[in-house]
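>>> 3D model of this:
(chains A and B)
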There are 2 protein chains.
Amino acid sequence: MRVSKLFTKTSKTAPADEVAKNAQLLIRAGYVYKEMAGVYAYLPLGLRVLEKIKAIVREEMNSIDSNEIIMTSLQRKDVWDKTGRWDDELVDIWFKTELKDGTEMGLGWSHEEPIVEMVRQHLTSYKNLPISVYQFQTKLRNELRAKSGIMRGREFVMKDMYSFHETAEDLEQYYQRSIEAYNKVFDRLGVGEDTYVTFASGGAFTKFSHEFQTICDAGEDVIYLHREKNIAVNEEVLEDAIQELKISRDELEPVKTAEVGNIFNFGTQKTDDMGLYAVGPDGLQQSIHLGSYGIGVTRLMGVVAEKMSDDKGLVWPEAIAPYKVYLVSIGEQGAVEAERLYDELTARGIEVLFDDRDERPGTKFADAELMGIPYRLTVSDRLVEQNKLELTKRLDGQTSLLTASEVLAILD
Amino acid sequence: MRVSKLFTKTSKTAPADEVAKNAQLLIRAGYVYKEMAGVYAYLPLGLRVLEKIKAIVREEMNSIDSNEIIMTSLQRKDVWDKTGRWDDELVDIWFKTELKDGTEMGLGWSHEEPIVEMVRQHLTSYKNLPISVYQFQTKLRNELRAKSGIMRGREFVMKDMYSFHETAEDLEQYYQRSIEAYNKVFDRLGVGEDTYVTFASGGAFTKFSHEFQTICDAGEDVIYLHREKNIAVNEEVLEDAIQELKISRDELEPVKTAEVGNIFNFGTQKTDDMGLYAVGPDGLQQSIHLGSYGIGVTRLMGVVAEKMSDDKGLVWPEAIAPYKVYLVSIGEQGAVEAERLYDELTARGIEVLFDDRDERPGTKFADAELMGIPYRLTVSDRLVEQNKLELTKRLDGQTSLLTASEVLAILD
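Numbering: from 1, shown residues only, chains lettered A, B, ... in the order given. Here you go, the predicted structure:
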C-alpha cells in the first residue's frame, strides 16, 4: 500500500474529549475514528489490525472443531423471555427498538439465548453432540459510561463461542481444550506472559468460572496474583478461592488488569430453561450441557495498544501489525530504488506500507513511529551510492546498515 | 471439512412461513437460519458463500484504489440533521433507540452522512483528493414487509463505497471506473450476462443514476430492456429515457429484475449540505464532488440462489461455492480411499466437504445436490477395485468414471 493512496492522515492531537490512551494513539495514527463515546469506526490501518486478530482467533477456534457462523443484531423478545433476560431490570444494558407494527426488538448485547434457540433446528439426538459454534459479532451494549476507548465500547466486536455436550465430562474436556486454545491466542498476540487464567464467580454448576485477565494499567479490574503458583483470582471470589486453593491472602499481589476473555460452564441450566433437549441412547429425553466462551476482540486490540506503545506512538507486534515494513524514500535516486524495493518485497508477500509522499524525512519517520510499524526501511540517495539500506526496528529503535539481500533475509 | 463435524443438518422442509424460494433452499440446505422475517443468521456453509462474495467485491474495489473501513451501527442525530434525513417522515425505515440519558440514537440504515462527516478529519486540501472508501456493513432497515428471503432484509450486508473528488470530471471518470469494476463483480459471480446497467432516477446534478439490475423472477423491480442496443431503463424514468436515448417504447421489453447495485452522482449537494469543503489551489474554499456506490451483498447471494437452483436444490457457481468438491465414501474400502483422497485434495488447496457419515449413499447424494456443491466425487468398494473414481457435475449431472490423476487434472 502506498501512503499517497491511504486517505487517513496522522495527527499530533486527539479529540479533546478522548481520555483513553489507546484511543488517543489509535485516532492520532489514523487507525480509528470516534463516532461518539464508546463507538469507534475502524479505518484502513485499524481494520487490518482487527482482521489479523480475528484471523488468529479464527484459526484457534477452528483447531478445536468449532463452526464459524454469524448471528443477527436484531433479536426477538420471546427468545429472551425464556430465561427472563428480556427484563431491563435483570439486564441493564439492552438497546431496544421496534418494528413498524410496534413489535419490540432487542439489539444483540449477547447471543447466548438466540444461539441455543438456533441450534434447536439441528439437534435432536445425542448423536448430534458435541456441537461447537462461534462468531465474530458486533455487540451493542447500553453502557452508562464509556471512557476507556476501544477497551469498553457501546459497540464492539466480540468472539463468542458456545459448546453443547451430552455429558458434564465431555463439556469439561472441551472447556480445558478451549483454555489451551485461548492461551495460544494470547501468546500469538504477544500478551501471553501477562495474561492469567483467573478464578471468577461461577454459576449453579461450578464454583468458579474463568476469566482471562491481562495486566494493564488502563484495565478496569483488579486481580490477585500468586506469581509463584501461577494462580490468579478475581476480587469477587477472593475469600472462596483462598479457602479452596489453600493459599494465604498475604501471598497475593493485587494488579490492575483488563478482562480479555471469559469462559463459563452453564451446566444444563440454560438449555433446560430454553427447553433444549436431546434424545439419549436410551430413547429418553435428556438435558444438554452448555459452555460459553468469549474473547473481547476490539478490547484486545485496545489492550495491545495500551501495553505496546511509547511516547512516539504505537508498537505493534508483528503478528497483528497492519504492515510489516514502512518503506521511506528520500531523494530522487532513493525514490527510484524504493519503487523497485516496493515491488520486490510485495511480490515476496511481505506487507509494505510505502511512504511515497513528497514530505520531509522527519515527517515520514515520525509517522512510521506513530503508526507502530515493526520495521522501517529507509533508502536515500546517499544510501543508494553506498549500495546499502537502513533498517530500523520500531521495538528498540536499533538501526543497521544492510545490503538488500541482508534485509530480505530478515524480512522474508 | 468433514460433514460429521458440521453441526447443520439438511431438511426436507422449510419453515411454513417462509415463502421465498431462496430462503427455503438456503434454510433446507443448512446455509441460513431465520431469526424472524427479513432477519437471517448465516450458518457455516452460508457464511463461506457470503465471505467468498465479499472477497470478490473487495478485490474489485481495491483495484480501483478504494480503502476498506468499517463504520458503526450506532449513529448520531446531529450528523443526520445536517441533511434533514433524521426525520422519520423523510426516511421511513429508521430503527432508533436511545442511551441511558435519553439521547436518541439511530441504527445505520445507510452511512452516507456519517462517512462524509468522518472524512472531514482527513480532508483539508484539494491535494488530499480523490478519496474513495468502502465498507461491508450490516444495515438495519425497518421495512414494513420482508417476504423475499435474503433478497430484502431488515438486517442485511451491503458494500457501500463513497468517492470524493475535486472536479465533476474527476468524479465522472471514477464513476465510469466503478461501473467497470461492478461489471467485473457480476461477471465473476456468474450473473454478468443477466445484469444490466440501468438508467434510474438521478439527483440535482445528473438526469439519471445507474442501477445494476439482474433478471430474476423473484425480483421486485421491472426494467425495460432494449436487447439490441443493450439499454435498460427503470420504470420510474421510462418517459425521460425514451426521449433522451431516442428509442421507441415498442422496442422495449419489460422484465422482472432484482436491483443488485446502484451508483449515484451527488454532485456537490450532500457535501455542501454537510459543510465539507477543501482548500483549492487558489487558497479559496471549494466544494467537493461526491459519488456513492452500493452492492447488496446478501441480496446477491439470494439472487444467485434463486437463479442457479433446480428441483434438487442449489447450484453454486464455483467462484462462490462453499466447497468445490463433495466427497462421498461408500463401503469399507471406499472409506479408506476417501480418507486418502481427502488428505490429498486438501493438501493441494482444493476445498472439500467430506461426507464421512455412516449414512446411505442416497442420503449423501441428495445432500450433495441440495447443498449445490459443484463436483461430487464418489469412491466405493466397487470403484476401488476398478481403480476408478466417479465424478459428477452438479450443473448438468454429467458423471464420468476417471482415474485419480484425471480427477486431479479437472479439480486442480
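>>> what about the strands in the stretch 301-412 of chain A?
Counting by DSSP state E, counting those that start in this stretch, the stretch 301-412 of chain A has strands at residues A:309-310, A:313-314, A:325-330, A:352-355, A:375-380, A:389-393, A:399-402.
>>> what helices and strands are in contact with the last one?
Applying 3 or more CB pairs under 8 Å, 6 or more residues apart in numbering or on different chains; DSSP states H and E, one finds that strand A:399-402 contacts strand A:389-393. In short, each C-beta sits where N, CA and C put it, glycine included.
>>> next one: the helix or strand bottoming out on mean pLDDT in chain A to chain centre, how far?
Least confident helix or strand of chain A, by mean pLDDT, DSSP states H and E, is helix A:238-245 with a mean of 91. Centroid separation for helix A:238-245 versus its chain: 30 Å, with CA atoms, centre = their mean, to the nearest Å.
>>> show me what from the stretch 101-250 of chain A comes close to chain B.
Counting by CB under 8 Å from any CB of the partner chain, the residues of the stretch 101-250 of chain A close to chain B are A:105, A:107, A:114, A:118-119, A:121-123, A:128, A:131-133, A:138, A:140, A:142, A:144, A:154-155.
>>> any chance of the strands of the stretch 301-412 of chain A in JSON lines with mean pLDDT as columns?
JSON lines is the format used below for the strands of the stretch 301-412 of chain A (pLDDT from 0 to 100):
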{"stretch": "strand A:309-310", "mean pLDDT": "97"}
{"stretch": "strand A:313-314", "mean pLDDT": "98"}
{"stretch": "strand A:325-330", "mean pLDDT": "97"}
{"stretch": "strand A:352-355", "mean pLDDT": "98"}
{"stretch": "strand A:375-380", "mean pLDDT": "98"}
{"stretch": "strand A:389-393", "mean pLDDT": "98"}
{"stretch": "strand A:399-402", "mean pLDDT": "97"}
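>>> can you lay out those as JSON lines showing mean neighbour count?
As requested, the strands of the stretch 301-412 of chain A are exported to JSON lines (neighbours: other CB atoms under 10 Å in any protein chain shown):
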{"stretch": "strand A:309-310", "mean neighbour count": "16"}
{"stretch": "strand A:313-314", "mean neighbour count": "24"}
{"stretch": "strand A:325-330", "mean neighbour count": "25"}
{"stretch": "strand A:352-355", "mean neighbour count": "25"}
{"stretch": "strand A:375-380", "mean neighbour count": "24"}
{"stretch": "strand A:389-393", "mean neighbour count": "19"}
{"stretch": "strand A:399-402", "mean neighbour count": "13"}
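>>> name the next helix or strand downstream of the longest strand along chain A, please.
Secondary structure assigned by DSSP state E gives strand A:253-267 as the longest strand of chain A. Once strand A:253-267 ends, the next helix or strand along the chain (criterion: DSSP states H and E) is helix A:269-274.
>>> average model confidence for that next one?
On average, the pLDDT along helix A:269-274 is 96.
>>> same question for stretch A:35-44.
The average pLDDT for stretch A:35-44 rounds to 97.
>>> okay, how far is it across that stretch, tip to tip?
One end of stretch A:35-44 sits 16 Å from the other (CA to CA, to the nearest Å).
>>> tell me which residues are up against that stretch.
Residues outside stretch A:35-44 that contact it (CB atoms under 8 Å, 6 or more residues apart in numbering or on different chains) are A:1, A:6-8, A:17, A:23, A:26, A:30-34, A:50, A:143, A:146-147, A:149-150, A:152-155, A:298, A:322, B:67-72, B:74-76, B:114, B:118.
>>> are any of those buried, and which?
A:1, A:6-8, A:23, A:26, A:30-34, A:50, A:143, A:146, A:149-150, A:152-155, A:298, A:322, B:67-72, B:74-76, B:114, B:118 (16 or more other CB atoms under 10 Å in any protein chain shown).
>>> low-confidence regions, chain A specifically.
Filtered on pLDDT under 70, chain A yields no residues whatsoever.
>>> can I get the CA coordinates of stretch A:364-382 in PDB?
Extracted C-alpha coordinates of stretch A:364-382, given in PDB (Å, rounded to 0.1, in the frame of the first residue of the first chain):
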ATOM      1  CA  LYS A 364       7.900  10.300   7.300                       C
ATOM      2  CA  PHE A 365       9.900   8.900  10.300                       C
ATOM      3  CA  ALA A 366       7.500  10.300  12.800                       C
ATOM      4  CA  ASP A 367       4.500   8.800  11.000                       C
ATOM      5  CA  ALA A 368       6.300   5.400  10.800                       C
ATOM      6  CA  GLU A 369       6.800   5.600  14.600                       C
ATOM      7  CA  LEU A 370       3.300   6.800  15.500                       C
ATOM      8  CA  MET A 371       1.800   4.100  13.300                       C
ATOM      9  CA  GLY A 372       4.000   1.500  15.100                       C
ATOM     10  CA  ILE A 373       5.000  -0.500  12.000                       C
ATOM     11  CA  PRO A 374       7.600  -3.100  13.200                       C
ATOM     12  CA  TYR A 375      10.300  -2.300  10.600                       C
ATOM     13  CA  ARG A 376      11.200   1.000   8.900                       C
ATOM     14  CA  LEU A 377      13.300   0.600   5.800                       C
ATOM     15  CA  THR A 378      14.900   3.700   4.500                       C
ATOM     16  CA  VAL A 379      16.500   4.300   1.100                       C
ATOM     17  CA  SER A 380      18.100   7.600   0.300                       C
ATOM     18  CA  ASP A 381      20.400   9.000  -2.400                       C
ATOM     19  CA  ARG A 382      23.300   8.600  -0.100                       C
END
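>>> tell me the SS of the nearest residue to A:His122 once chain neighbours are set aside?
Computed as CB to CB, 6 or more residues apart in numbering or on different chains, the closest residue to A:His122 that is not its neighbour in sequence is B:Lys9, at 4.8 Å. Following DSSP: H, G, I helix; E, B strand; the rest coil, we place B:Lys9 in the coil state.
>>> correct me, but B:Lys9 touches B:Tyr33?
No - in this structure B:Lys9 lies outside contact range of B:Tyr33 using CB atoms under 8 Å: 11.9 Å.
>>> tell me, what's touching the two both at once?
Taking CB under 8 Å, 6+ apart as the criterion, B:Lys9 and B:Tyr33 both touch A:Gln121.
>>> residue contacts, A:Leu276?
Residues in contact with A:Leu276 (CB under 8 Å, 6+ apart) are A:116-117, A:119-120, A:123, A:288.
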